[in-house]
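Student: Sequence and predicted structure, then a few things I'm wondering about:
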Amino acid sequence: MTEPVIFKRFDAAGAREQREVVSLIHRDAYAERIATGDAFASDQAFMTRFDAYTSRDGFDLVMAYAGDEPVGQAWGWPLPPETRWWNGLEAEPEPGFIVEDGTRTFALSEIMVRRAWTGQGIAHALHDELLAGRGERRATLLVRPDNTTAYAAYVRWGWQPVARLCPGWPDAPLMDVLILQLPLAQ
């Protein structure tokens with residue numbers, strides 16, 4: 001990497017303005033999975049989900065750039081009391097686990113880095129940038145059990161697997177639910 005990586009943060013409205021860049025990063029980062037014909041991984045399905053996500057209150061997008069080149073992105077939002085995030089949960093790990101109040105859990109929905117920039121710590125830096133200063137007590141994410149590279153990284157970064165869930169999106173796979181306790185924002 002010759003240029004330093006910088007981060008740009010966008011709220012929901014700003015994220016929608018970055019829609020083409022979001023798609024570009026996705027198509028590059030997930031080119032192999034898209035090529036398999038996996039309907040859930042297709043760019044059209046991905047962008048449909050992105051459009052829905054940007055309607056969430058508190059949506060937060062962080063993009064990484066090397067110079068003018070977009071190289072990665074991460075996003076999420078705080079889970080509101082009426083969230084459907086937990087729909088499809090196989091079993092509640094503990095009583096009250098799915099109770100949300102808008103400040104309990106931040107849903108980290110996506111982290112991805114374009115192929116030419118993988119292995120350089122950008123995903124971890126995006127993760128840390130997105131979660132820095134969050135006011136929620138915990139974060140959650142969903143990961144495919146067979147995505148061993150991402151799964152191992154999340155565990156290294158302190159995430160704990162707690163359950164399994166099948167999201168309500170068409171063609172969605174069964175995912176592992178991971179939780180990370182967050183330091184309270186100052």
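Tutor: Received, thanks.
Student: can you give me the helices for this protein?
Tutor: Ranges of helices within the chain are 12-17, 19-29, 31-35, 43-53, 122-131, 148-156, based on DSSP state H.
Student: buried sites along the first one?
Tutor: Using 16 or more other Cβ atoms under 10 Å as the test for burial, helix 12-17 gives 12, 15-16. (Glycine included, C-beta is placed from N, CA and C.)
Student: Now flag whichever of those residues is closest to Arg138.
Tutor: Checking those against Arg138 by Cβ to Cβ gives Ala12 as the nearest, at 21.9 Å.
Student: what pLDDT does the closest one get?
Tutor: Looking at Ala12, its pLDDT is 97.
Student: Tell me the spacing between it and Glu129.
Tutor: Separation of Ala12 from Glu129 (Cβ to Cβ, to the nearest Å) stands at 18 Å.
Student: beta partners for Glu110?
Tutor: On the basis of DSSP bridges, Glu110 is bridged to Trp75.
Student: gap between Ile98 and Pro167?
Tutor: Separation of Ile98 from Pro167 (Cβ to Cβ): 14 Å.
Student: Low-confidence stretches in the chain?
Tutor: 1-2, 184-186 (pLDDT under 70).
Student: Try it again at 90.
Tutor: For the chain, residues meeting the criterion pLDDT under 90 lie at 1-3, 40, 133, 168-172, 183-186.
Student: what residue is smack in the middle of it?
Tutor: Nearest to the centroid of the C-alpha atoms of the chain, with distances taken as Cα atoms, centre = their mean, sits Glu110, at 2.0 Å.
Student: can you pull the contacts of the spatially closest residue to Gln18 that is not a sequence neighbour?
Tutor: Excluding the flanking residues, the one nearest Gln18 by Cβ to Cβ, 6 or more residues apart in numbering is Phe10, at 6.0 Å. By Cβ atoms under 8 Å, 6 or more residues apart in numbering, the contact list for Phe10 reads 17-18, 60-63.
Student: What of Glu82?
Tutor: Glu82 sits next to no residue when contact means Cβ under 8 Å, 6+ apart.
Student: follow-up on the earlier one: give me the buried subset of the contacts of Phe10.
Tutor: For the contacts of Phe10, buried by 16+ other Cβ under 10 Å: 18, 60-63.
Student: Could you tell me which of the residues you listed belong to strands?
Tutor: 60-63 (DSSP state E).
Student: Closest to Trp85 out of these?
Tutor: Among these, Asp60 lies closest to Trp85 (Cβ to Cβ), at 15.3 Å.
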